[in-house]
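Engineer: Got a sequence here, can you build the structure:
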Amino acid sequence: MSVLLLAEGRCASQKTDFYTQSIEESLIPVRPGVPGSQPFWNKHARCFIYAPAFEFEKLQDAKYYRVTAQPASAGPDYANKHQFDPFGDNTGFVAQGKALVFEADSPWAPLTPIWKQLPVGVVNLRVEALKEKGGEVIGLAGSRWFYKAAVFHGPYNKPAMDYEKSARLALKKLFEEKFVQSWLRTGQPDRQGYELYHYPAKIMGALMVGAAAYYNLSPRPDDAESVLEIGKKVADYLLSISFPAPGPLEYFPPTYYGIKDKSHMDDRRSMMLYAADAGHGYLDLYDVTKDEKYLAAATRIADTYVKNQLPDGSWFLLVENSTGKPVAENLCIPTAIINYFDRLVEQYGLARYKEASQKAVKWIMDNPVKTFNWQAQFEDSTPAAPYKNLAREQACDFAIYLLAHASQNPENIKLAEELIRFAEDQFVVWERPVASTAGDENSQSDFWITPCVQEQYTYWQPVIRSAGIMIRTYQKAYQITGADIYLAKATSIANSITITQQAHDGKYPTYLTSKPMDFWINNVVWPATDMIRLGRMLER
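Structural biologist: This next block holds a predicted model:
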């Protein structure tokens, strides 16, 4: 059966079952907080697919709590629907329909009793303390606004093209760009033509990965040798600007280059996660060319990671290049580094990195798995206080890791699925998104192509790499559990990518939207590898 038929038809007969299943699953909270035993991670969350529980105050003399959820909408005099703020007073919103009410014995009770009846949309929540069940109100335990998001009601859409063909076209379009072709002439980044070369490890690492992936397509493209040459020139340039030895970050490619005193981003600093992106690029080029200098570059990066690993198993997130000392106390959630170590161990037999990988895994189990502080880790985002800015990438990465090691511990699958539910709950938009307030007019949610996936709390935009990571996660969950709903979710998001691509002349834009916006090379390459992987699985 073709990929197209699988993607649009394999699960179509189960659409109603998936919807019913999704509604029932939405009643189960994602790691609900309990004072003194489980932190409340969702204080800064704006929307929920799964019934939430909130950290509200337990009042003295209160025996019960009345929970009132009032659906709301923008009033007739409210000029801009894009101004809903879950953390503002939202005075322009008015009650819509009947409030849903239940009583509970704690103010942090999950909203499960009313969740199925609560419509998709803006909700004003109040929790009042009662002297006794059904009794008088003695105080307000807490209140907040949020958006109830739509559950999965797919599969969604039909793919505009076969997934691997989609990736092939997107990579071809990327390597035809003038600021990419210029590598062949100069061996240097065209920073005037493409400003984001200021992030070498991330952007140039992605170009190396993309060049190798394009060369490995079958049938091999006619211009594959030329594209591979671009990848090699990028690699050689990146090697030339990597930090010298000896030094705390010796052999690491810089995170920032040509950036001075701009927020936390500065040539004098590095975000520790991003050297692994470049390392994967070196390994991919080595696999194709067998040039030992690329394997050596990759192992030197791994050695520097080992040297900088903290005793508890993680790394400081943002450090000074000259000293290796932290700029902030935030630590890496080191899934990218674990994946990098494990690739060196499993693919190249370099067992010396296994201990460091296992230490990092233990750190994750002891920290974000317990706290659910899945803080965003992006080179252009300032390190934030706990729970202030969550993202889904590391939670998804670790879910994939757990699923890959499911045979070692049956509990791995249960934890992985909980992490997947967290990522979906907070960042996946199946339909009817909460109105966006970020960015310029082109970034508004009116133009999003759904299903889509948001990047992080402080950059609430439907980024294609975020979509690719969810595809990869759902695909792995399907392969390990056999649950068809995971495949339906993976293909639904993949279909959105092909539809968005069609609206952008065959390119993978950075955002799943019909409007032109910023263009990030890594947001072509990594989603392309995810689409190739999904397409080949479906063909098999």
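Engineer: Can you list the buried residues in stretch 362-369?
Structural biologist: For stretch 362-369, burial by neighbour count (16 or more other CB atoms under 10 Å) applies to 363-364, 367-369. C-beta here means a position set from N, CA and C on the backbone, and glycine is covered the same way.
Engineer: so where is the stretch 151-300 of the chain shaky, pLDDT-wise?
Structural biologist: Applying pLDDT under 70 to the stretch 151-300 of the chain picks out residues 261-262.
Engineer: Show me the helices in it, by range?
Structural biologist: Along the stretch 151-300 of the chain, counting by DSSP state H, counting those that start in this stretch, helices occupy 163-175, 178-186, 200-215, 224-241, 275-289, 292-308.
Engineer: which ones are touching the residue minimising distance to the centre of the chain?
Structural biologist: Most central in the chain under CA atoms, centre = their mean is E393, positioned 3.4 Å from the mean C-alpha point. By CB atoms under 8 Å, 6 or more residues apart in numbering, the residues touching E393 are 335, 377, 466, 469.
Engineer: Determine which two of the residues you listed are furthest apart.
Structural biologist: Based on CB to CB, the longest span within those runs between T335 and S466 and measures 14.7 Å.
Engineer: neighbour count winner among these two?
Structural biologist: For T335 versus S466, the count of surrounding residues by other CB atoms under 10 Å is larger for S466: 28 against 24.
Engineer: shouldn't that one be in contact with P451?
Structural biologist: No: with contact defined as CB atoms under 8 Å, S466 does not count as touching P451 (11.4 Å).
Engineer: the bottom helix or strand of the chain by mean pLDDT?
Structural biologist: In the chain, no helix or strand scores lower on mean pLDDT, DSSP states H and E than helix 3-9, which sits at a mean of 45.
Engineer: Show me what whatever helix or strand comes next after that one is packed against.
Structural biologist: Scanning forward in sequence from helix 3-9 by DSSP states H and E, the next helix or strand is helix 15-25. On a contact count with 3 or more CB pairs under 8 Å, 6 or more residues apart in numbering; DSSP states H and E, helix 15-25 meets helix 484-502.
Engineer: Any idea how far the helix it packs on is from the middle of the chain?
Structural biologist: Relative to its chain's centre, helix 484-502 lies at 16 Å (CA atoms, centre = their mean, to the nearest Å).
Engineer: got it, and stretch 139-156?
Structural biologist: Remark: stretch 139-156 is offset 20 Å from the chain centroid, using CA atoms, centre = their mean.
Engineer: tell me how far the ends of that stretch are from each other?
Structural biologist: Start-to-end span of stretch 139-156 (CA to CA, to the nearest Å) is 45 Å.
Engineer: Hmm, P119 is touching P71, no?
Structural biologist: Yes: with contact defined as CB under 8 Å, P119 and P71 form a contacting pair (5.6 Å).
Engineer: who's more crowded, those two?
Structural biologist: Just comparing P119 and P71: by other CB under 10 Å the higher neighbour count belongs to P71, 19 against 12.
Engineer: Packing partners of the helix or strand harbouring the more buried one?
Structural biologist: Here P71, judged by DSSP H and E, is contained in strand 64-74. Strand 64-74 sits against strand 93-95, strand 100-104, strand 121-130, strand 137-148, with contacts defined as 3+ CB pairs under 8 Å, 6+ apart.
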